[in-house]
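1. Have a look at this prediction, sequence included:
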Amino acid sequence: QLKLVESGGGLVQPGGSLRLSCAASGVASDHYGVGWFRQAPGKEREPISCISSSGASTNYADSVKGRFTISRDNAKRTVYLQMNSLKPEDTAVYYCRFASFVGDYWGQGTQVTVSS
């Protein structure tokens with residue numbers, strides 16, 4: 001079993017930055033690919049970024065490309081999402097997901113609100 005805990009959300013002004021963290025505990029986690037998703041009120045949960053188990057490969061949704069950076073530190077069992085140049089439309093609950101052929105786990109989510 002893998003437990004995931006997100007942190008780092010909060011209220012930020014447009015143009016500001018936040019760094020989200022997703023810390024894993026339990027069974028070994030470094031062979032999992034990881035994705036960040038977000039869900040705004042009244043909308044479907046959408047994928048915004050993912051990273052391979054080694055960290056060598058990353059992908060981004062067009063809506064966040066150039067502003068967000070995903071990274072991971074397998075020694076710390078943590079995946080990060082650096083979010084810069086935040087916009088009001090980035091307001092959502094952000095979730096991390098660890099997935100592999102042996103399991104699929106979600107965190108509880110962290111709220112990000114971008115507002116002046």
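-> Noted; the coordinates are in hand. Numbers count the residues shown, from 1 in each chain.
2. alpha carbons only for contacts and neighbour counts from here, please
-> Will do.
3. ok, Gly55 - contacts?
-> Ser71, Arg72 (CA atoms under 8 Å, 6 or more residues apart in numbering).
4. Which residue ranges of the protein form strands?
-> 2-7, 10-12, 18-26, 33-39, 46-51, 58-60, 68-73, 78-83, 92-100, 103-106, 110-114 (DSSP state E).
5. tell me the contacts of the residue nearest in space to the middle of the chain?
-> For the chain, Trp36 is the residue whose C-alpha lies nearest the centre (CA atoms, centre = their mean; 3.3 Å). Applying CA under 8 Å, 6+ apart, we find Trp36 in contact with Pro47, Ile48, Ser49, Cys50, Leu81, Tyr94, Tyr95, Cys96, Arg97.
6. now the residues you listed as a markdown table including distance to Gly8 and neighbour count?
-> Formatted as a markdown table, those follow (distance: CA to CA, whole Å; neighbours: other CA atoms under 10 Å):
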| residue | distance to Gly8 | neighbour count |
| --- | --- | --- |
| Pro47 | 18 | 17 |
| Ile48 | 17 | 20 |
| Ser49 | 17 | 22 |
| Cys50 | 18 | 24 |
| Leu81 | 9 | 22 |
| Tyr94 | 10 | 26 |
| Tyr95 | 12 | 27 |
| Cys96 | 12 | 29 |
| Arg97 | 16 | 21 |
